[in-house]
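Return atomic coordinates for the entry below.
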Amino acid sequence: MPFDTIHDLIAAPRLVVKVGSSLLVGGGKANLAWLNSLAQDIAALKARGQQVVVVSSGAIALGAARLGMDKGGRGSLAEAQAAAAVGQVELARIWSEALDRHGAIAAQMLLTLGDLENRRSYLNASATLERLLESGAVPVVNENDSVATEEIRFGDNDRLAARVAQAAGATGVALLSDVDGLYDRDPDEEGAQLIERVDRLTGDIHAMASNASSSGLGSGGMVSKLQAAEIADRAGIVLAIVNGTYESPLAVAAEQERGTLFHPRRRDNARKAWLGGRLAPKGVLTVDEGCSAALATGSSLLAVGVTAVEGEFRRGDLVAVYSARGDRLAQGLVEYDAAECRAILGLKHEQQSDILGYAPRGCMIHRDHMVML
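As a prediction, this is how the structure comes out:
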């Protein structure tokens with residue numbers, strides 16, 4: 001169904017709702033009255049036959065308050081992990097009680113970036129979400145901050161929400177924020193205008209974003225929300241940023257029609273959407289202008305067009321592809337180890353066998369295992 005309004009989005013058959021820390025936690029305590037109103041919204045959607053997945057922040061903030069930590073539990077990685085370990089228990093409890101009060105069953109899922117970067121575990125997460133939704137439960141998902149490391153973590157729940165929407169086969173994502181949506185400049189500046197609809201995520205759109213999180217509790221900001229919109233775009237999922245500070249925030253968003261709605265331009269197949277949404281490439285291949293042009297027409301990436309190789313990776317790892325000007329063009333699964341890529345970069349196919357000691361593969365990245373960004 002086409003989603004031309006925020007009301008349409010909130011009525012999506014399968015909806016992912018992301019809740020930020022600043023909405024759920026205030027003064028070190030859960031905003032239980034607000035949470036109860038959101039749970040009531042979710043129950044109303046379920047009564048209309050919709051399925052809802054929640055991606056909820058708040059574990060670190062709740063745990064830090066319980067442990068009496070300074071800086072909201074974000075003074076160091078170890079501190080954040082300890083706070084999350086305590087806060088995840090509390091977060092699961094308050095969601096379970098709030099949803100149960102309105103006749104809905106909560107199910108906790110803790111995911112790391114690695115869980116969704118690996119194809120097998122991604123499919124396992126997808127199957128679990130599907131079964132929970134079929135059973136009538138409301139999955140409440142959070143990044144597993146108690147074990148995630150700086151090298152392999154989302155770091156914000158906006159991008160996690162978009163990846164969960166992919167895995168769950170959702171048609172819409174609502175990012176509940178503490179602002180109305182994307183503005184053309186800092187919303188505190190005089191004359192700032194709300195951008196109500198985005199059909200293409202251009203450089204100008206990205207320039208409007210600020211990394212700041214007004215509450216100081218969260219780890220995201222408008223930059224991470226635009227990155228989430230890019231992930232949703234590749235899977236053909238409509239995403240909206242709406243103000244969640246009101247009681248019954250989903251009902252208010254649907255009624256007020258105030259926010260920023262991102263319409264997808266494309267709908268990659270499931271595997272390419274997963275590839276495009278992956279966030280942790282192991283290396284970088286830089287290509288010349290001729291190769292850049294060939295990739296744009298759907299060609300595979302050939303060694304002759306590669307000018308530089310960065311990182312240490314193995315065959316089958318995810319690598320990013322950059323143009324000579326530094327633009328990120330694509331990412332995909334590489335056919336060679338990093339050392340082999342360095343050995344044959346710039347060489348034509350017939351020149352590669354003497355270097356490799358075996359018959360070369362057809363390309364460095366096959367077009368079937370690559371997605372343009």
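
only C-alpha atoms for contact and neighbour calcs from this point on.
OK.

Let me see the contact set for residue 296.
By CA atoms under 8 Å, 6 or more residues apart in numbering, the residues touching residue 296 are residue 372.

sorry, that was for residue 318
Residue 318 touches 280-283, 331-334, counting by CA under 8 Å, 6+ apart.

and it, backbone torsions?
phi -80, psi 130 (degrees, to the nearest 10).

Mind listing the residues bridging to it?
Beta-bridge partners of residue 318, counted by DSSP bridges, are residue 333.

Scan the protein for its longest helix.
helix 77-101 (DSSP state H).

quick one: average confidence on the very next helix or strand once past it?
Downstream of helix 77-101, the next assigned helix or strand under DSSP states H and E is strand 105-111. Averaged across strand 105-111, the pLDDT comes to 95.

CA-only coordinates of strand 105-111 in CSV, if you can.
Taking C-alpha atoms only, strand 105-111 is exported to CSV below (Å, rounded to 0.1, in the frame of the first residue of the first chain):
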residue,chain,number,x,y,z
ILE,A,105,2.6,-9.9,25.4
ALA,A,106,6.2,-8.5,25.3
ALA,A,107,9.1,-10.5,24.0
GLN,A,108,12.7,-9.3,24.6
MET,A,109,15.3,-9.6,21.8
LEU,A,110,18.9,-8.4,22.3
LEU,A,111,21.0,-8.0,19.1
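
which residues are contacting it?
Residues contacting strand 105-111 (CA under 8 Å, 6+ apart): 92, 95-96, 99-100, 132, 136-144.

on that earlier part again, nearest to residue 67 among the contacts of residue 318?
residue 280 (31.9 Å; CA to CA).

where does the closest one land on pLDDT?
84.

same deal with the one 4 residues further on?
Residue 284 is assigned 96 on the pLDDT scale.

how about low-confidence regions in the chain?
For the chain, applying pLDDT under 70 flags the ranges 1-2, 148-155, 210-220.

which one is the spatially most central residue of it nearest to, not counting chain neighbours?
With distances taken as CA atoms, centre = their mean, the chain has residue 159 as the residue nearest its mean C-alpha position (2.0 Å). Nearest residue to residue 159, sequence neighbours excluded (CA to CA, 6 or more residues apart in numbering): residue 228, at 4.4 Å.

Surely that neighbour is in contact with residue 161?
Yes - Residue 228 lies in contact with residue 161 (CA atoms under 8 Å); the separation is 7.4 Å.

The two: who's more crowded?
residue 161 (30 against 23; other CA atoms under 10 Å).

State the distance from the more buried one to residue 172.
10 Å (CA to CA, to the nearest Å).

Between those two, which contacts overlap?
The contact lists of residue 161 and residue 172 share residue 16, where a contact means CA under 8 Å, 6+ apart.

quick check: angle from the helix or strand hosting residue 46 to strand 105-111?
Here residue 46 sits within helix 32-47, counting by DSSP H and E. Comparing the axes of helix 32-47 and strand 105-111 via axes from the mean of the first three to the mean of the last three CA atoms, to 10 degrees yields an angle of 100 degrees.

Give the buried residues for helix 32-47.
Residues 34-43, 45-46 are the ones in helix 32-47 that count as buried (16 or more other CA atoms under 10 Å).

Just put those residues in JSON lines and tack on distance to residue 203.
Converted to JSON lines, the buried residues of helix 32-47 look like this (distance: CA to CA, whole Å):
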{"residue": "34", "distance to residue 203": "36"}
{"residue": "35", "distance to residue 203": "36"}
{"residue": "36", "distance to residue 203": "39"}
{"residue": "37", "distance to residue 203": "37"}
{"residue": "38", "distance to residue 203": "34"}
{"residue": "39", "distance to residue 203": "37"}
{"residue": "40", "distance to residue 203": "39"}
{"residue": "41", "distance to residue 203": "35"}
{"residue": "42", "distance to residue 203": "35"}
{"residue": "43", "distance to residue 203": "39"}
{"residue": "45", "distance to residue 203": "36"}
{"residue": "46", "distance to residue 203": "38"}
